[in-house]
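>>> Structural data only, the sequence is not supplied:
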């Protein structure tokens, strides 16, 4: 259990996240970076990057290693993981990382290329029959029919849980090698195409055009939209809306790198990370208005 | 005499300017960089820069050399000089560099830390008795009294010229080792403090509080404000106002680096230079609206 309170928590360990962390550390802030592995999947695959000034003709993986070396040489705390929710506590923010809570005065979102939803209209129907955590919302669907669409095998546990309380549970795996579940779970081979229902979910149209009527729909293991991670965060065209100080519409929440918009480029991310790191340091040392 | 037409002309060869040039060159644009020597005086003096990700603990001069090496390895055309005026030709921009005209579809201003005026109220009184080129506006002051305030010895030629047509010419050198001028030029030892006159220049108050009445005032060899360089350019708090694509209020004129605002930092400049270079490349390949 981590108990420390941070000045700056950075989500993402790609160029923007590490640049933010380095700059906040230089300002003597207590910084935690939470990232995936590898840190920036698209950059990791880049064969040659030629436009990061001062380090020409370097592979993406080599540049990432240099960036990580720079951060580690400064003893920056970097953990592997995925934050599930961020709450505004009034005085700052509380993050849920796996099963521990972390407090921070400021948050820098540097989670990379924008979130792709699994199905159209997700944002619109969230909370109206659509959810992302079956075990959390399960009780709402007692004796009803639900569908679970899952990107990975972790959804199987949720299906086993739901089938105990629901009348019907459809399970749509978006991955191969599906494991064994409770025999009552109806595993479908068709893929989902769109959500059916005007103001709330009433069904799911599959790729064979069949509509399966459901009371509830859960999409599991997909990417997390920043606006779902931080309720109330303002987006613009699938990107996080920021001003020239990299501030979002929420006080103390900043964003940098690909998640704020194109061009998706290393130098742009590094520059925005720097501005975000310095601005977060400033905000962390001020009383919150 | 340079005759080529460019896609992108970059003013300034510091981090922002070179990053812009590298990125536009990668987009196959014809690029010219016009810069001073050294390229970024403030960075040149920095003993150690620790927050440019991937190249920790590097001196400013060493980083600048790496940046220049990167640009030169790409055969980018870089000339030493100072642009005096930029005109909108309708189809693009025409720049006056010493005695030659250069045409470019787009301009990226990356001239560094903002312009400091020599005296207060310069912007307000420009064209109302205040000018920056005595030989250009000289005829307006035939048989009148003018003062020339000069930052360097080049003002002496202008004083010699003006004294042929004006009744009185005061010369205020802001430098040491003043040369020999026409005996009629009145060289003052006092320094100027402020411009006197409500809606037009009527005199200059010196540091000894004496007011010298003048019809015209010229300030020579000082820094050039970006808004004087490009007429109509919108400023904000002494910085060039840009959007998140680094565009100014003028189509095809972009800006990057310290001239667009704080923090005055290398990574921020490199990132903005990249965005400006890519956006200018896009604009240069489109018809102008």
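Everything's here; your move. This is a predicted model, so every value here is computed, not measured.
>>> Which residue of chain A lies farthest from its centroid?
Residue farthest from the centre of chain A, counting by C-alpha atoms, centre = their mean, is residue A:183 at 32.4 Å.
>>> How much space separates it from chain B?
53 Å (C-beta to the nearest C-beta, to the nearest Å). Any C-beta I mention is one placed from the backbone N, CA and C, and that applies to glycine too.
>>> ok, the residue in chain A positioned nearest to chain B - contacts?
Residue of chain A nearest chain B, by C-beta to the nearest C-beta: residue A:271 (1.8 Å). When contacts are counted by C-beta atoms under 8 Å, 6 or more residues apart in numbering or on different chains, residue A:271 touches A:19, B:267-272, B:274.
>>> cool, residue A:173 as well?
A:150, A:153, A:155, A:187.
>>> Was I right to think the first one contacts residue A:178?
No: with contact defined as C-beta atoms under 8 Å, residue A:150 and residue A:178 do not form a contacting pair (9.3 Å).
>>> These two: which is more packed in?
residue A:150 (24 against 14; other C-beta atoms under 10 Å in any protein chain shown).
>>> quick one: that one from residue A:134, how far?
Here the criterion is C-beta to C-beta, to the nearest Å. By it, residue A:150 lies 9 Å from residue A:134.
>>> Identify the contacts common to these two.
Common contact partners of residue A:150 and residue A:134 (C-beta under 8 Å, 6+ apart): A:158-159, A:220.
>>> Kindly reformat those residues as CSV containing neighbour count and pLDDT.
Converted to CSV, those look like this (neighbours: other C-beta atoms under 10 Å in any protein chain shown; pLDDT from 0 to 100):
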residue, neighbour count, pLDDT
A:158, 23, 93
A:159, 26, 96
A:220, 23, 92
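>>> could you dump the residues you listed to CSV with secondary structure and distance to chain B?
Converted to CSV, the shared contacts of residue A:150 and residue A:134 look like this (DSSP: H, G, I helix; E, B strand; the rest coil; distance: C-beta to the nearest C-beta, whole Å):
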residue, secondary structure, distance to chain B
A:158, helix, 39
A:159, helix, 43
A:220, strand, 34
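>>> Which of those residues sits closest to residue A:116?
Nearest to residue A:116 among the shared contacts of residue A:150 and residue A:134: residue A:220, at 15.1 Å, using C-beta to C-beta.
>>> The closest one reaches residue A:147, doesn't it?
No: using C-beta under 8 Å, residue A:220 makes no contact with residue A:147, being 10.8 Å away.
>>> give the contact list for the closest residue to residue A:174 other than its chain neighbours.
Take residue A:174 and drop its neighbours on the chain: the residue closest to it by C-beta to C-beta, 6 or more residues apart in numbering or on different chains is residue A:151, 5.0 Å away. With contact set as C-beta under 8 Å, 6+ apart, residue A:151 has these partners: A:118, A:174-175, A:220-222.
>>> Tell me which two of those residues sit farthest apart.
Top of the distance list for those (C-beta to C-beta): A:118 and A:175, 12.3 Å.
>>> Neighbour count for the two, which is higher?
Using other C-beta under 10 Å as the criterion, residue A:118 and residue A:175 rank with residue A:118 on top: 17 against 11.
>>> hang on, isn't that one packed against residue A:221?
No: counting by C-beta under 8 Å, residue A:118 does not reach residue A:221; the two are 9.4 Å apart.
>>> quick one: buried residues of stretch A:18-31?
A:18-27, A:29-31 (16 or more other C-beta atoms under 10 Å in any protein chain shown).
>>> Please flag which of the residues you listed sit within strands.
Among the buried residues of stretch A:18-31, the ones falling in strands (DSSP state E) are residue A:31.
>>> Among the buried residues of stretch A:18-31, which one sits closest to residue B:87?
Using C-beta to C-beta, these come closest to residue B:87 at residue A:19, 38.5 Å.
>>> and residue A:259, helix, strand or coil?
At residue A:259 the chain is in helix, as set by DSSP: H, G, I helix; E, B strand; the rest coil.
>>> Can you tell me which residue is spatially central in chain A?
Centre-most residue of chain A, counting by C-alpha atoms, centre = their mean: residue A:224, 3.6 Å.
>>> quick one: contacts for it?
Contacts of residue A:224 by C-beta under 8 Å, 6+ apart are A:82, A:84, A:115, A:132.
>>> hey, where'd the helices end up in the stretch 1-150 of chain A?
Using DSSP state H, counting those that start in this stretch, the helices of the stretch 1-150 of chain A run over residues A:15-26, A:41-44, A:60-73, A:122-125, A:134-137.
>>> and the angle for the longest one with helix A:15-26?
In this case it means helix A:60-73. Orientation check (axes from the mean of the first three to the mean of the last three C-alpha atoms, to 10 degrees): helix A:60-73 against helix A:15-26 gives 20 degrees.
>>> Flag every buried residue along helix A:60-73.
Here helix A:60-73 shows A:60, A:63-64, A:66-68, A:70-71 as buried, counting by 16+ other C-beta under 10 Å.
>>> Repeat that for the fourth one.
Within helix A:122-125, the residues that qualify as buried by neighbour count (16+ other C-beta under 10 Å) are A:122, A:125.
>>> Counting neighbours, what do you get for residue A:262?
16.
>>> Same check on residue A:218?
The number of residues packed near residue A:218 is 26, by other C-beta under 10 Å.
>>> what about the stretch 101-250 of chain A, any weak spots by pLDDT?
Within the stretch 101-250 of chain A, not a single segment meets pLDDT under 70.
>>> about what we covered before: turn the contacts of residue A:271 into a markdown table, including distance to residue A:139 and secondary structure.
Output for the contacts of residue A:271, formatted as a markdown table (distance: C-beta to C-beta, whole Å; DSSP: H, G, I helix; E, B strand; the rest coil):
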| residue | distance to residue A:139 | secondary structure |
| --- | --- | --- |
| A:19 | 44 | helix |
| B:267 | 49 | helix |
| B:268 | 49 | helix |
| B:269 | 54 | helix |
| B:270 | 52 | helix |
| B:271 | 48 | helix |
| B:272 | 51 | helix |
| B:274 | 50 | helix |
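>>> before we move on, the earlier item: pick out the most distant pair among the contacts of residue A:224.
Most distant of the contacts of residue A:224, by C-beta to C-beta, are A:84 and A:115, 14.3 Å apart.
>>> the more surrounded of these two?
Comparing residue A:84 with residue A:115 by other C-beta under 10 Å, the one with more neighbours is residue A:115, at 20 against 15.
>>> Residue A:153: what's its closest spatial neighbour, skipping adjacent residues?
Nearest non-adjacent residue to residue A:153 (C-beta to C-beta, 6+ apart): residue A:179, at 5.8 Å.
>>> Quick check: residues of the stretch 51-200 of chain A near chain B?
Within the stretch 51-200 of chain A, the positions near chain B by C-beta under 8 Å from any C-beta of the partner chain are A:51-56, A:63, A:66-67, A:70-71, A:73-74.
>>> thinking again about what came up before, now, the contacts of residue A:173 that are in helices?
Judged by DSSP state H, helices contain the following of the contacts of residue A:173: residue A:155.
>>> What is the three-state secondary structure of the closest residue to residue A:119 other than its chain neighbours?
Nearest residue to residue A:119, sequence neighbours excluded (C-beta to C-beta, 6+ apart): residue A:195, at 5.6 Å. The three-state assignment at residue A:195 reads strand, by three-state DSSP.
>>> cool, and residue A:281?
helix.
>>> show me what contacts it?
A:7-8, A:23-24, A:27, A:29.
>>> gap between residue A:223 and residue A:115?
The value you get for residue A:223 to residue A:115, if C-beta to C-beta is used, is 5 Å.
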